[in-house]
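S.K.: Return a 3D structure for these sequence lines:
(3 chains)
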Amino acid sequence: MISAGIDMGTQRVKVAILKDNEIIAQSQQFSGFEPTKAAEQSFQEALQQANLSRTDIQHVTATGAGVNMAPFADSTISMMGADARAGTYFFPSARTVIDVGAEDARAVKCDEKGRMLDFVVNARCAAGAGTFIEAMARALEVELEDMGSLSLKAEKASTINASCVIFAESDVVSLIHREEPKPEIARAIFDAMAERIASMVHRLGINPDITLMGGAAKDVGFVASLKRRLGMDILIPEEPIFAGAVGAALIAAKRAGRRR
Amino acid sequence: MLEIIAETLRATIAVGLILAGILAILIWVRNLTRKLSALRLFIQIVSVAVIFLGLIIGPFGLDQWAYLGSAPKDVVIGTNILGRPYPDGLAVPTFACYYASGRTTTCVVWQLQSYIFPDYETSSVYLTTGLERLAIAFGLLVVMSLIFGRFLCGWICPFGLYMDLLTRLRKALKIRHWTLSERVNEGLRQARYLIIAAFLILSVILGMRAIAGIELISETELGRYLEIPFCQICPAKPLFVLAESGLGYMNLDYALSRTMGDFALTGWYLTSINIIILGVVTGGSFMVRRLWCRICPLGGLIALFSRVGPFKRLSLIKLTKVEEKCTKCGICKRVCPPQVTKVYEEKGGDVTASDCILCFRCVEMCPYEGCLKVEVAGKPIYKSKNWLKEEE
Amino acid sequence: MASEIETGSKYIPEMAQKEIEELGSSIKAASIKVIEDNIERMKKTWKNRAKSMEYFDEISNLFGQREKEIREQKEVGKKVIGYSCIFAPIELILAADAIPVRIGSGWYDTAKLGDRIMPVEICPVIRSTVGAKMVRLSPYLELSDAIIMPLTCDGRTKLSEILSDYKPIWYMNPPRVKDDPHTLTMWKEEIQVIKEKIEKLTGNKITRQKLRESIETMQKATKAFRRLQDLRKGSPVINGRDAMLVNQTSLWDDIERWTQKVNELCDELEKRVEQKEYSSHPDTPRVMLTGTPMLWPDSWKVPNLIEESNPQGVVVVDEQCSGDRVLYDPVGVDEWIMSDMLAAVGERYLMACTCPCFTSEHGNEDRINWIIDRIKEYKVDGVIYYVVRGCILYAMEYARIKRVLDKMNIPVYYLDTEYTREDVGQMKTRVEAFLEMLEARIDI
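M.R.: A predicted model of the protein is given here:
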């Protein structure tokens, strides 16, 4: 059984190919202005990795915010459904899956089979998503990849008053002028983000074990803040960016075998 | 032999007519908000006819007791309970007044007051001991309360029919009714227990000579009257007596003759108290629906043995409500003749109140399917329906 | 001092006549397009749509036939009495030979106009109504000779002030606690006052005979209404949006004609039940909507998403004052005497209502019971709790309702949105995820 999942994210498209529910290829590309083309390219790359051709794939399921722009798909699944499935795939004990993408974040409650029981989406605030870190990194004049390790150097966090990304940026600038140490500012940024994510999870109810997926899961600073804020450990897969695509591919495998 | 055939034939025809009447109403009355009420009216009329069967089937013109007009007391049923003679007849907890003629049953309040002394023998007519009679009367009261509860009030009691007819007259004249405030209703509810207790005690006191040989009142007609104190203020007595006199079945001279002699004045006062109370209750019931039922001590007794404590669980007829179907629209509270609020206020489950006369008007008028139910022995026999739909 | 400053000045600032006309006509054209679009979409989802729906499609045009009819009737002297909330006693309006119309606004575009003079945090229904007044868009609001405004929520309370600059407003003060001893007495007096105002405006006395006739007319309407809702209990023979449209047209249509047409529709649907001709597949997840009213035409945004997404859902019942609550409760008259009829009418509008403007010790139990009962009767798979931002009452009842539904093991999703088309994408994601969840549960 060979299935594939395409995650049409707002920043990047991700593709995963599974054979008998084992990951045999993963690929990603920046969406840019032509996400459909980017998805096709990414798909080709994944096929090459796996040494397969298009016809070998029995079922393709698409997901993500731009799911309507997928180049081809036999079926679609919501991001929440994909997340839930991926969560239990990577960690069978997972019951809460948090996915922090570039522009949105969601938390999904699932059962042991990876079925979605409830979900919460971050309503209108971009300060709970990946772009926040990018904007703050620019304000601090630090490379995005270094933000995490920078924040881990801090013992405590500075105070950021603003609740909105736009205002937070000017807050950060004034903190720099006051010569607050950068690690502490970085930590405050991650704490603020973790606060938003945590309150979203609380609306769902805390159900261990908790796993984290999406681009922000790679950032050690954010992960540390979130662990602190939730007061418990968080399970993170090796390659959290592909969680959505893997989840979609798993669903594709199930659907290929079943008549709808 | 022919007698028995004739009797059975008569009985069958009577039963047949009643069933036909019920069927006719169920089919003919299409409006679901009036069907049950029409049926109830029919049953009430049938009950009154059965209770005063003597006036219908006779025998007539017998020379039994001088005061009787043309109808006898012979049709009394239940004169023989398990081989024991019980001359006053089956005690039913409705106003099947003792003083009326042609009746088939006897009001249990009269019997209770009359037999309250197990050792008191009034005359040789009674072959059973006083204790036996009291036990039978009381037992019948409890058993009928458990089986029927205040269904007897709503569907059988002739005085209930009287009040319902007054209400129908008022409705025909398009006069609006009055309601009593909840506080007053609550007061009346408590008062009726006091009344029955008071009168039973009074009956004991005034019949003192049996116990202590003391005579509070001389052994006279008046004395005998006063031993049954409640009947002297009961509004049903003059109603039936006057009704029967009007129909020519009772000799009014008798009532008048009883006011002569020793206690002429007192007797006159007694009779007038009765009639005044009847007048007040009539006027009140014209404006307030089922006014007497709120204070009726007999109703209170029935309620005591069907709605309180252990009796509540054993009683057969119940009104139940399904909580989630109720929208608290308040229709049940508004249409209820004795202004019971429990059906409205209770969230769900058993909502039969002690005041409720089980007329089922609330169930009839509730517009939500299956919200209110009448249950007999746990089985629902009548449910509230979407009465906007006429029956197919 | 206040009177010196305030006299003569209106809440809504004067706009140039030209601007009013331009905006008015452009919004009207856009609205007609939305109406047509909605109907097209409904036809697409329901492939063999019942023929009887054509009547309702016509009446759904707010600027069409019905507006013309009302105008003509006004010319021969009939009065039009608008109302903002379904607490208003329709039977009294009908008994005085006047025309009742509901004046809630369902236009997204006018909400932006309302933004010019009110903060954005305020309920969009109110902003939209004010915006509609600014450009004289709503035919029924403009044609009203008086408006009955029950002061149920804060928004409507202040809206009544704003509209009083243009129309005579008749306030009704509904008591917020149903079980207080003086609730019914208070409401009885309110009804009496409204009755007299209606009689004065129309010049017609509300007699016993006329009131009885109008009560019976409305009872027939309720009968037809219930007949339609009963048909939604089984496998779907009518889709949610179509039923919602039928329900809502009763708010401005001629009620006797509406009743007749609904009965025709039910006749047609009953045949389909026998022939098993369904409007959606019987396995489609059955959704219940509850929350702020969804007023035609723009508020079809969320129902469109529900019934067009992949996987598809079907709305089988709703707990909204724009839908299944409109005509469900009949007036139960005990004695056909004026006092009892007025009491019955008044009580039906106050006591049977499950609006969250009521409160009591243990929460709005009437609404919770209503929802529980409907979930059981209509075999609901999931509930979408729809709240527009700014609606405090519905938002605050969510916590209790969620607990109750969790206990019943029914998924509920809190969907908050605005009078805007810009968040359709976001809404779509969430609705689709929710429907996926429901579908998966059905499979279990």
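
S.K.: longest helix of chain B?
M.R.: If you go by DSSP state H, chain B has its longest helix at helix B:2-28.

S.K.: can you give me how far the strand or helix carrying A:Arg85 is from the chain middle?
M.R.: Under the criterion DSSP states H and E, the helix or strand holding A:Arg85 is helix A:79-90. Helix A:79-90 has its C-alpha centroid displaced from the chain centroid by 11 Å (C-alpha atoms, centre = their mean, to the nearest Å).

S.K.: what's the answer for stretch C:429-437, then?
M.R.: Its chain's average C-alpha position is 26 Å from that of stretch C:429-437, according to C-alpha atoms, centre = their mean.

S.K.: same question, stretch A:46-61
M.R.: So, by C-alpha atoms, centre = their mean, the centroid of stretch A:46-61 is 24 Å from its chain's centroid.

S.K.: got the CA coordinates for it in PDB?
M.R.: Output in PDB follows, covering the C-alpha atoms of stretch A:46-61 (Å, rounded to 0.1, in the frame of the first residue of the first chain):
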ATOM      1  CA  ALA A  46       9.600  12.900  -3.100                       C
ATOM      2  CA  LEU A  47       8.900  10.400  -5.900                       C
ATOM      3  CA  GLN A  48      12.600  10.500  -6.900                       C
ATOM      4  CA  GLN A  49      13.600   9.900  -3.300                       C
ATOM      5  CA  ALA A  50      11.400   6.900  -3.100                       C
ATOM      6  CA  ASN A  51      12.300   5.600  -6.600                       C
ATOM      7  CA  LEU A  52       8.600   5.500  -7.600                       C
ATOM      8  CA  SER A  53       6.500   6.900 -10.300                       C
ATOM      9  CA  ARG A  54       3.200   8.700 -10.000                       C
ATOM     10  CA  THR A  55       1.100   5.700 -10.900                       C
ATOM     11  CA  ASP A  56       2.600   3.700  -8.000                       C
ATOM     12  CA  ILE A  57       0.800   5.900  -5.600                       C
ATOM     13  CA  GLN A  58      -2.600   4.400  -4.800                       C
ATOM     14  CA  HIS A  59      -4.200   7.300  -3.000                       C
ATOM     15  CA  VAL A  60      -3.200  11.000  -2.500                       C
ATOM     16  CA  THR A  61      -4.800  13.100   0.200                       C
END
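
S.K.: Kindly spell out which helices and strands sit in contact with the helix holding A:Arg85.
M.R.: Packing partners of helix A:79-90 (3 or more C-beta pairs under 8 Å, 6 or more residues apart in numbering or on different chains; DSSP states H and E): strand A:2-8, strand A:59-63, strand A:96-100, strand A:105-110, strand A:116-121, strand A:210-213, helix A:243-256, helix C:424-443. All C-beta atoms are positioned from the backbone trio N, CA, C, and that covers glycine.

S.K.: For it, which outside residues touch it?
M.R.: The contact list for helix A:79-90 (C-beta atoms under 8 Å, 6 or more residues apart in numbering or on different chains) reads A:5, A:7, A:21, A:63-65, A:94, A:96-97, A:99, A:106, A:108, A:110, A:112-116, A:119, A:121, A:211, A:213, A:235, A:237, A:243-248, A:250-251, C:429, C:433, C:436-437, C:440.

S.K.: what's near enough to touch residue 109?
M.R.: If you meant another chain, say so; for now it's chain A. Residues in contact with A:Lys109, defined by C-beta under 8 Å, 6+ apart, are A:95-96, A:116-119, A:204-205, A:207.

S.K.: Let me rephrase: I mean chain C.
M.R.: Per C-beta under 8 Å, 6+ apart, neighbours of C:Asp109: C:27, C:30-31, C:131, C:298.

S.K.: what about 10 Å?
M.R.: When contacts are counted by C-beta atoms under 10 Å, 6 or more residues apart in numbering or on different chains, C:Asp109 is found next to C:23, C:26-28, C:30-31, C:34, C:128, C:131-132, C:135, C:137, C:298, C:419-421.

S.K.: Make CSV from the helices and strands packed on helix A:79-90 and add mean pLDDT and distance to C:Leu151 to it.
M.R.: Formatted as CSV, those follow (pLDDT from 0 to 100; distance: least, C-beta to C-beta, whole Å):
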stretch, mean pLDDT, distance to C:Leu151
strand A:2-8, 92, 49
strand A:59-63, 92, 48
strand A:96-100, 92, 44
strand A:105-110, 91, 40
strand A:116-121, 89, 35
strand A:210-213, 93, 47
helix A:243-256, 91, 49
helix C:424-443, 88, 31
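
S.K.: which residues of the stretch 151-300 of chain B score low on pLDDT?
M.R.: B:206-227, B:247-270 (pLDDT under 70).

S.K.: Spell out which parts of it neighbour chain C.
M.R.: Residues of the stretch 151-300 of chain B lying near chain C by C-beta under 10 Å from any C-beta of the partner chain: B:167, B:170-171, B:173-177, B:181-183, B:289.

S.K.: Lowest mean pLDDT among the helices and strands of the chain, which one is it?
M.R.: Picking chain A for this. Lowest by mean pLDDT, DSSP states H and E among the helices and strands of chain A is helix A:165-177, with a mean of 78.

S.K.: wrong chain, I was asking about chain C
M.R.: None of the helices or strands of chain C scores lower by mean pLDDT, DSSP H and E than helix C:2-6, at a mean of 69.
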